[in-house]
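Colleague: any chance you could fold what I've pasted below:
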Amino acid sequence: RLIYVIASNCPSWPAMKTTQTALLSKQNCYKPNWKKKTSDCLAFCEEQRLLLSKQLIDVQLENTGLKEDLETTSYELASQVLKLESKLKHLTMENKRLLVMVGQQTGEHLGVLGPSKP
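Modeller: Numbering: from 1, shown residues only. Predicted structure coming up:
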């Protein structure tokens, strides 16, 4: 109130009061628009952030699925290799046994790779 009393004694007070009223009017005019634009921008940014988060999670899930597929395939291939190695050893042992039997029947000593040369 003291400022109002002092200002009202100033000769340019009516012009200042009119300017102040105009500024407040314009500020009130822009204020809601500014808040709405800011709110809309924040909402859009939040939507984009959520969309990117969802896409990141989808890519991570796909990556995990691919890793699981790779591990499964790797396990299956390793298992097949072990089975084939076991079969090879079994066949090699069977081959040696048959060579020994043939050597005993013919009276010759046969090596693993075939008959020994004299």
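Colleague: how much space between Glu94 and Lys87?
Modeller: 10 Å (C-beta to C-beta, to the nearest Å). Glycine gets a C-beta too; all of them are placed from N, C-alpha and C.
Colleague: for the chain, name the helix or strand with the lowest mean pLDDT.
Modeller: Every helix and strand in the chain was compared by mean pLDDT, DSSP states H and E; the lowest is helix 2-8, with a mean of 46.
Colleague: how close does Glu47 sit to Gln60?
Modeller: Distance from Glu47 to Gln60, by C-beta to C-beta: 20 Å.
Colleague: ok, now Glu94?
Modeller: Applying C-beta to C-beta to Glu94 and Gln60 gives a distance of 51 Å.
Colleague: mind listing the helices for the protein?
Modeller: Ranges of helices in the chain, per DSSP state H, are 2-8, 13-106.
Colleague: which of these has the lowest mean pLDDT?
Modeller: Among the helices of the chain, helix 2-8 has the lowest mean pLDDT, at a mean of 46.
Colleague: near Leu51, how many other residues are there?
Modeller: Using other C-beta atoms under 10 Å, Leu51 has 10 neighbouring residues.
Colleague: how far away is it from Asp58?
Modeller: When Leu51 is compared with Asp58 (using C-beta to C-beta), they lie 11 Å apart.
Colleague: for Ser79, same thing?
Modeller: 32 Å.
Colleague: same thing with Glu47?
Modeller: 16 Å.
Colleague: check Leu66 too.
Modeller: On the measure of C-beta to C-beta, Leu66 and Asp58 end up 13 Å apart.
Colleague: do the same with Glu85
Modeller: Glu85 is 41 Å from Asp58, by C-beta to C-beta.
Colleague: roughly how far apart are Gln104 and Lys96?
Modeller: 13 Å.
Colleague: count the neighbours of Gly99 for me.
Modeller: No Gly there; residue 99 is Leu. Leu99 - counted by other C-beta under 10 Å - has 17 other residues nearby.
Colleague: same question but for Gly65, I mixed them up
Modeller: Applying other C-beta under 10 Å, I find that Gly65 has 10 neighbouring residues.
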